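**Student:** sequence and predicted structure are below.
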Amino acid sequence: MSDGVTLISDHYYPAGASETAQPTLLMRQPYGRDIASTVVYAHPVWWARQGYNVVIQDVRGRGDSEGEFYPFRHERKDGAETIAWVRARAECDGKVGMYGFSYQGATQLLAAAEQPEGLVCIAPAMTACDLYAGWFYHNGALRLGSAMGWGLQMLRFDARRLGLTAAHDALEAAWLKGREQALFAPYGELACLQAEGLPTYVKDWFEHAEAGEYWRALDVSGALDKIAVPALHVAGWFDTYLQGSWDGYRALRDGAGTVFAREQQYLLAGPWVHIPWGAKVGEGNFGADAAVDTDAILLRWFNHWLKGTGEFAGEPKVKHFVEGAGVKEGRRWFCSEELGGAGRETFYLGSGGRANSSKGDGVLVSLAEEDEQASNEKQIPPLRYGMTNQKGIRDGAADFFVYDPEVPVLAPGGMVAASGLFDQAGMEQGNNLLVYTSAPLERELHVFGEPELVLYAATSAGSADFTGKLVRVTPEGRAEFVCIGIVRSGFLFEEYKADEVHEWRFKLEPTSCVFGVGDRVRLEVAGSAFPLYDRNSSNATPAREASAWNWGRSTHSVLHGAEHVSRLVLQVMDGGGA
């Protein structure tokens, strides 16, 4: 590097590389270059057999590379200088593509923002252009489980490298007991993070709880116009960084530096968790359709751009796997030129005042298509299904629940916040959340995009969260998790006052899911989804500093009816299996 630091790489070559120059694939990663992300990608030897030089590099301060590691901070310049070095080697024909997921996806975006000569295309998977909004925080709430787990993992490597034996052992013990670390409060004072000599980046993530210059200095959110290369984005519907991938594709489609680059952004979204990519996802199994050969897709991508084969020409801008019922085998991959369905289906919240738990009387009521145009912010048109409690829906008997940070509503995957498709029926028995359910559907409903939740609500707390969770209830009674979202009062409102009704408008993370005939649409509303997100203190104490000594309980109320039209708005689409 230009500052004298040496970075170390492994090189793989196709047969005959000494005689004919070939394009180079580059991956820059912090986990040990011999691993080369083979948990989800083919081994570099396979890529070399396809006619590519492959360079797998330890980033600064990792593996055998020199320097000090601070996540994301050095990857723009180091990435660009590495590409210049790779291009100068005799075996490289001057064309470079980058691949990798998670941190290895971020290294691609950061290098591309430096506009290095010779970088032709990238394939960032399960990552984010905006680290604050797409990786670490969601509408003001820290993604606690992933931030803490990843932070402990990375600090262990640092402690070994620095020879901090006691610090390493403490971090190792904490990392092996992830559930206990999530339960510890205040999490910002977790003992193993405080060891003398350890890097501070995990504590820095916790302390920078608002978007700002700290985050912009680490990512490409302020440099989208500097990126001018085609990109194939890969996302997982159950991935930790789903929002980051979705928003990253949209951001570059709209804001990349050239018309050419904007027109050459592609998104592949499958039913996958972060690791591994396959058909089994939590309690669900999506069958052979989900076990798509992503290496083959990437090979076509790189052949197209680096070897000029043209084999990616004509591909749809967005290709997405559809969850749910009613989709024929072999037809689960849908193609679209747009991000999200063009239609809208609105479900209005209603109850007789006791929507608590799945045993309560909360309902979602959709409108007849011809009545939808008559809908406005202050009036509910005639209801589609002729519900027996229409008067309660229209008059707006508010629903109440108590948020208690000591006994929070858990994440979809339970106490460990495991990613994937999980049955929510057991969790929905608690009275500390509200459950609104539609009548059985009389026609299929394909939800594609980001559901929007509008709640007219008040809380007794000076600081509060609302979560919304979309669930598909099968005719057999399974309550299958689809997607979730959260918003914190301090993020949404410039001035938030306790005991006053505010309009809480926020989006859930995206999905592509068919609700079949006989299925029911369900919405869960709660004050937490722990430890996926951190717990709100209910007061002015920042979440990272909050514990049982200063936590507060609060009463949340959700209003609905003619004067307070609380609703769930779904993006929907029709037809078009790939």
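**Tutor:** Everything's here; your move.
**Student:** against residue 111, how distant is the nearest residue to residue 81 once chain neighbours are set aside?
**Tutor:** Computed as C-beta to C-beta, 6 or more residues apart in numbering, the closest residue to residue 81 that is not its neighbour in sequence is residue 1, at 5.5 Å. The way it works is simple: take the backbone N, C-alpha and C, and place the C-beta from them, glycine included. Residue 1 is 13 Å from residue 111, where distance means C-beta to C-beta, to the nearest Å.
**Student:** cool, and residue 480?
**Tutor:** 39 Å.
**Student:** more neighbours: which of these two?
**Tutor:** Set residue 480 next to residue 111 and count neighbours by other C-beta atoms under 10 Å: residue 111 wins out with 28 against 24.
**Student:** looks like residue 464 contacts residue 535 (just checking).
**Tutor:** No. Assessed by C-beta atoms under 8 Å, residue 464 is found out of contact with residue 535, at 11.3 Å.
**Student:** burial count for the residue nearest to residue 81?
**Tutor:** Neighbours around residue 1, by other C-beta under 10 Å: 16.
**Student:** so for it, what's the pLDDT?
**Tutor:** We have a pLDDT of 98 for residue 1.
**Student:** quick one: residues contacting it.
**Tutor:** Residue 1 sits next to 7, 60, 67, 77-78, 81 when contact means C-beta atoms under 8 Å, 6 or more residues apart in numbering.
**Student:** poorly predicted segments of the stretch 201-350 of the chain, please.
**Tutor:** Applying pLDDT under 70 to the stretch 201-350 of the chain flags the ranges 329-330.
**Student:** please enumerate the strands of it.
**Tutor:** Secondary structure of the stretch 201-350 of the chain by DSSP state E, counting those that start in this stretch: the strands cover 231-236, 265-270, 280-281, 284-285, 318-321, 323-324, 333-336, 343-350.
**Student:** the longest one pairs with which strands?
**Tutor:** Taking DSSP bridges as the criterion, strand 343-350 forms sheet pairs with strand 363-366 (antiparallel), strand 567-573 (antiparallel).
**Student:** for it, buried residues please.
**Tutor:** Neighbour counts over strand 343-350 (16 or more other C-beta atoms under 10 Å) mark 345-350 as buried.
**Student:** and the closest residue to residue 456 other than its chain neighbours, helix, strand or coil?
**Tutor:** Closest residue in space to residue 456, ignoring its immediate chain neighbours: residue 564 at 3.6 Å, by C-beta to C-beta, 6+ apart. Classification of residue 564 by DSSP: H, G, I helix; E, B strand; the rest coil places it in coil.
**Student:** these two touch, right, residue 490 and residue 463?
**Tutor:** Yes. With contact defined as C-beta under 8 Å, residue 490 reaches residue 463; the gap is 6.0 Å.
**Student:** these two: which has the busier surroundings?
**Tutor:** Shown here are residue 490 and residue 463; by other C-beta under 10 Å, residue 463 has more neighbours (22 against 19).
**Student:** got the contact list for that one?
**Tutor:** Going by C-beta under 8 Å, 6+ apart, residue 463 touches 488-490, 496, 536-540.
**Student:** could you rerun that using 7 Å?
**Tutor:** Applying C-beta atoms under 7 Å, 6 or more residues apart in numbering to residue 463 gives the contacts 489-490, 536-540.
**Student:** again, but for residue 110
**Tutor:** 72, 75-76, 79, 220.
**Student:** can you check residue 269 too?
**Tutor:** Residues near residue 269 by C-beta under 7 Å, 6+ apart: 235, 237, 320-321, 512.
**Student:** before we move on, what about residue 17?
**Tutor:** With C-beta under 7 Å, 6+ apart, residue 17 has these contacts: 53, 91.
**Student:** before we move on, what about the one 4 residues further on?
**Tutor:** If a contact means C-beta under 7 Å, 6+ apart, then residue 21 has 90-93 as its contacts.
**Student:** kindly report the same for residue 76.
**Tutor:** Contacts of residue 76 (C-beta under 7 Å, 6+ apart): 110-111, 113-114.
**Student:** repeat that with 6 Å
**Tutor:** Residue 76 is in contact with 110, 113-114, counting by C-beta atoms under 6 Å, 6 or more residues apart in numbering.
**Student:** is it fair to say it lies in a helix?
**Tutor:** Yes. Counting by three-state DSSP, residue 76 is found in a helix.
**Student:** so what's the residue lying farthest from the centre of the chain scoring on pLDDT?
**Tutor:** Going by C-alpha atoms, centre = their mean, the residue of the chain most distant from its centre is residue 19, 44.4 Å out. Residue 19 carries a pLDDT value of 78.
**Student:** what residue ranges in this structure score low on pLDDT?
**Tutor:** Across the chain, residues meeting the criterion (pLDDT under 70) sit at 329-330, 368-396, 575-578.
**Student:** where does the record place the domain boundaries for it?
**Tutor:** Here the domain parsing of the chain from automatic domain parsing is 9-134+216-321, 141-208, 343-573.
**Student:** I'd like the distance between residue 268 and residue 242.
**Tutor:** For residue 268, the distance to residue 242 equals 13 Å [C-beta to C-beta].
**Student:** and for residue 485?
**Tutor:** 11 Å.
**Student:** tell me the residues that contact both of the two, please.
**Tutor:** residue 509.
**Student:** could you list which residues are in contact with residue 154?
**Tutor:** Counting by C-beta under 6 Å, 6+ apart, residue 154 makes contact with nothing.
**Student:** flag every buried residue along the helix or strand where it lies.
**Tutor:** Using DSSP states H and E, residue 154 falls within helix 144-162. Of all the residues in helix 144-162, those buried under the rule 16+ other C-beta under 10 Å are 144-152, 154-159.
**Student:** with those in mind, which one is nearest to residue 458?
**Tutor:** Relative to residue 458, the closest of the buried residues of helix 144-162 is residue 144; by C-beta to C-beta it sits at 25.8 Å.
**Student:** skipping adjacent residues, who's closest to that closest one in space?
**Tutor:** residue 534 (4.2 Å).
**Student:** with residue 540 as the reference, measure out to the one you found.
**Tutor:** Taken as C-beta to C-beta, the span from residue 534 to residue 540 is 15 Å.
**Student:** if you count surrounding residues, which of these two has more?
**Tutor:** A direct count of neighbours by other C-beta under 10 Å for residue 534 and residue 540 places residue 534 higher, at 32 against 10.
**Student:** can you list phi and psi of the more buried one for me?
**Tutor:** For residue 534, the backbone dihedrals are phi -70, psi 170 (criterion: degrees, to the nearest 10).
**Student:** show me what contacts it?
**Tutor:** Counting by C-beta under 6 Å, 6+ apart, residue 534 touches 142, 144, 543.
**Student:** just the buried ones among the contacts of residue 1, please.
**Tutor:** Among the contacts of residue 1, those scoring as buried are 7, 60, 67, 77-78, 81 (criterion: 16+ other C-beta under 10 Å).
**Student:** for the residue nearest to residue 359 when sequence neighbours are not counted, grab phi and psi.
**Tutor:** Counting by C-beta to C-beta, 6+ apart, residue 429 is the residue found nearest to residue 359 once chain neighbours are left out, at 7.1 Å. Residue 429 adopts backbone torsions of phi -80, psi -10, taken as degrees, to the nearest 10.
**Student:** could you report the neighbour count for residue 429?
**Tutor:** Applying other C-beta under 10 Å, we find 12 residues neighbouring residue 429.
**Student:** please apply the same query to residue 428.
**Tutor:** Neighbour count for residue 428, taken as other C-beta under 10 Å: 23.
**Student:** wait, a helix at it?
**Tutor:** Yes. The assignment for residue 428, made by three-state DSSP, places it in a helix.
**Student:** just give the number of residues close to the residue lying closest to it once chain neighbours are set aside.
**Tutor:** Spatial nearest neighbour of residue 428, excluding adjacent residues (C-beta to C-beta, 6+ apart): residue 358 at 4.0 Å. Residue 358 has 22 neighbouring residues, counting by other C-beta under 10 Å.
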